[in-house]
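**Q** Next input, structure requested:
(4 chains)
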There are 2 protein chains.
Amino acid sequence: MSDARNTDHKSGRVRSHIERLIDDGLQPHDKLPTERQFADELGVSRMTVRHALNALEEERRVYRVHGSGTFVAEPTIDKTIRLTSFTEDMIERGMKPSTRVVDVGTEFAGAAVGSKLSLSPAAEIARIRRVRLADGAPVCLETVHLDASRVHGLLDRELTGSLYDLLASRYGTVVSRAEQRIGATVLEPADAELLDVAAFSAALVVERRTIDQHQRPVEFTRSLYRADRYSFLIDIER
Amino acid sequence: MSDARNTDHKSGRVRSHIERLIDDGLQPHDKLPTERQFADELGVSRMTVRHALNALEEERRVYRVHGSGTFVAEPTIDKTIRLTSFTEDMIERGMKPSTRVVDVGTEFAGAAVGSKLSLSPAAEIARIRRVRLADGAPVCLETVHLDASRVHGLLDRELTGSLYDLLASRYGTVVSRAEQRIGATVLEPADAELLDVAAFSAALVVERRTIDQHQRPVEFTRSLYRADRYSFLIDIER
DNA sequence: TGCGTGGAGAGGTATAGCCCAATTAAGCGA
DNA sequence: TCGCTTAATTGGGCTATACCTCTCCACGCA
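**A** Model (predicted):
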């Protein structure tokens, strides 16, 4: 919970201090000391305390009532969908992930993919098709599209590992968020064969547009998940 | 975009000013004036400018690069999944929702539904099957299961409106969160007919367990969505 | 007993100024 | 010409202070 990096800044130390208070015996809806008390006690200015409390409020660890005080929030069961790679996802589900590359190549973006990646339809893109397996059985067939000009030499590399790791370590591209569309379809015979199921079986279609730290689109990926082996769990707050 | 309430505070005015700048001709990744320039120009302190920029950064209208400047972000389609009813959902998508009740009745919970609602398998449950339509065309076939002892008389009521509203106004049950599983399937002929599509068409299966303000399960609903007319949009943060 | 009103105390907004850290470009030297 | 150093610029963090609005309770009046 408490991060060592917190000690880099005063507001981080204040934050850790408050987190410790909450973890050590305080109950939800208990009142925290006032901002001015924290400031005096920790020898920092009130603005710094507010900075730390803002962060904690953002994460729903505390809530504030104007004129009244700051209180410990109810613990949230924070299972909101997260941005994880297939590899991380499978390990979390207790299965052993592996990957088989089906084919790779370059092609013109075209209208659909081009618009998703903010590129001209005539731009060159790198395309990677991979089957992702869990415990040796196919789960997912994914087709990744990347701006070829930003990933020189990528297609000659080993592509069975995490693409996100490769993008970060080799091309300095850090993934920050993604927009995802989840739909359903029935599998074409060719795709069904790659996934080792009967033709026209049900599948989840996931189209994912990944965005980097500068809000630029990184990749557009279309994945087909076997419906009998995969589903999404989502926790939603009102 | 620009809100009238913004004028209540200086930071709101600063914020509006910057938003206007962005909307009037600035392109993504264009550089904004520096924080100190804004402060001078608008006659406010730099902290106030930073406050406004923090809010805009939070909403991903701008991004900052330490030592370099503040820049206009790429426009984002911000459709985070929320806990909405079908009715709200369709209105937001610009369509007119309606409902047709297929059948209602009571039955024993059974093992599967009972465990989802934390009830004995022998408990009596109310079951409602409804077809939900958008602009007059079927989109979703839902089967709702409720603890019969908590919703006396519900099945005799008008069931074409929002079930959440009915639960709140008549039974004091306020929905606070939900756990949802999203999968895919092909439609049985009987279900396909109710949804007005060919048998064995693709559909999304959504199983939703709704929890009230006291953390008690309220309903368990299984919905089948026509894949050609519905998909989920999700925004994910790393 | 009941009500309402003021004051203390809480968070919210804003100021002016200090130093730090990252970036960038200009200038200098090999 | 290339590469390194340096200085200016920009955002990041923090301080100390001031004044605002909202809440809530105690006190006093009817």
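
**Q** from here on, contacts and neighbour counts on C-alpha atoms
**A** Noted.

**Q** quick one: strands adjacent to the strand or helix carrying A:Arg100?
**A** Assigned by DSSP states H and E, A:Arg100 belongs to strand A:97-108. Using DSSP bridges, strand A:97-108 pairs in its sheet with strand A:124-134 (antiparallel).

**Q** And the strand holding A:Arg100, how far out from the chain middle?
**A** 22 Å (CA atoms, centre = their mean, to the nearest Å).

**Q** The closest residue to A:Lys31 other than its chain neighbours: neighbour count?
**A** For A:Lys31, ignoring the flanking residues on the chain, the nearest one in space by CA to CA, 6 or more residues apart in numbering or on different chains is A:Phe71 at 4.5 Å. A:Phe71: 22 surrounding residues under other CA atoms under 10 Å in any protein chain shown.

**Q** So A:Phe71 versus DNA strand C, what's the distance?
**A** According to CA to the nearest atom of the strand, to the nearest Å, A:Phe71 stands 8 Å off from DNA strand C.

**Q** go on, A:Ile91?
**A** Distance check for A:Ile91 against DNA strand C: by CA to the nearest atom of the strand, it reads 33 Å.

**Q** which SSE is that residue in?
**A** Secondary-structure element containing A:Ile91, defined by DSSP H and E: helix A:86-92.

**Q** If you count neighbours, what's buried in that helix?
**A** Buried residues in helix A:86-92, defined by neighbour count with 16 or more other CA atoms under 10 Å in any protein chain shown: A:86-87, A:90.

**Q** got a list of what A:Arg132 touches?
**A** A:Arg132 makes contact with A:86, A:97-100, A:138-142 under the criterion CA atoms under 8 Å, 6 or more residues apart in numbering or on different chains.

**Q** Next: A:Phe232.
**A** For A:Phe232, the set of contacting residues under the criterion of CA under 8 Å, 6+ apart consists of B:180-183.

**Q** still on that earlier bit, which secondary structure elements does the helix holding A:Ile91 contact?
**A** strand A:97-108 (3 or more CA pairs under 8 Å, 6 or more residues apart in numbering or on different chains; DSSP states H and E).

**Q** gap between the next helix or strand after the strand it packs on and the chain center?
**A** Using DSSP H and E, the next helix or strand after strand A:97-108 towards the C-terminus is helix A:110-116. The gap between the average C-alpha position of helix A:110-116 and the chain average comes to 23 Å, counting by CA atoms, centre = their mean.

**Q** residues of helix A:110-116 that come out buried?
**A** Neighbour counts using 16+ other CA under 10 Å place A:113-114, A:116 of helix A:110-116 among the buried residues.

**Q** Over to stretch A:117-128?
**A** A:117, A:119, A:121, A:124-128.

**Q** Would you mind listing the outside residues contacting that stretch?
**A** A:101-115, A:142-149, A:155, A:209, A:217-220.

**Q** In terms of model confidence, name the weakest of the contacts of A:Arg132.
**A** The lowest pLDDT within these belongs to A:Phe86, with 83.

**Q** list the contacts for that one?
**A** Residues in contact with A:Phe86 (CA under 8 Å, 6+ apart) are A:97, A:132.

**Q** how much space between it and A:Ser162?
**A** From A:Phe86 over to A:Ser162 the distance is 8 Å, taken as CA to CA, to the nearest Å.

**Q** likewise A:Ala73?
**A** Plainly put, A:Ala73 is 36 Å away from A:Ser162 if you go by CA to CA.

**Q** What is the burial count for A:Thr106?
**A** Neighbouring residues of A:Thr106 were enumerated by other CA under 10 Å; the total is 15.

**Q** Quick one: residues contacting it.
**A** Taking CA under 8 Å, 6+ apart as the test, what A:Thr106 contacts is A:124-127, A:148.

**Q** cool, A:Arg181 as well?
**A** Neighbouring residues of A:Arg181 by CA under 8 Å, 6+ apart: A:205-208, B:231-234.

**Q** Return the per-residue confidence for A:Leu166.
**A** At A:Leu166, the pLDDT recorded in the model is 84.

**Q** Need the CA coordinates for stretch A:9-18. CSV is fine.
**A** Listed next in CSV are the C-alpha coordinates belonging to stretch A:9-18 (Å, rounded to 0.1, in the frame of the first residue of the first chain):
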residue,chain,number,x,y,z
HIS,A,9,8.1,14.6,-1.6
LYS,A,10,6.5,16.0,1.5
SER,A,11,3.0,15.5,0.2
GLY,A,12,3.9,11.9,-0.3
ARG,A,13,5.0,11.6,3.3
VAL,A,14,1.8,13.3,4.5
ARG,A,15,-0.1,10.9,2.3
SER,A,16,1.6,7.9,3.8
HIS,A,17,1.0,9.2,7.3
ILE,A,18,-2.7,9.5,6.7
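
**Q** in which helix or strand would I find the residue nearest to A:Lys31?
**A** Here A:Phe71 is assigned to strand A:69-72, by DSSP H and E.

**Q** Chain A against chain B: which residues are in contact?
**A** With the criterion set to CA under 8 Å from any CA of the partner chain, chain A comes near chain B through A:81-84, A:175-186, A:201-204, A:214-216, A:227, A:230-238.
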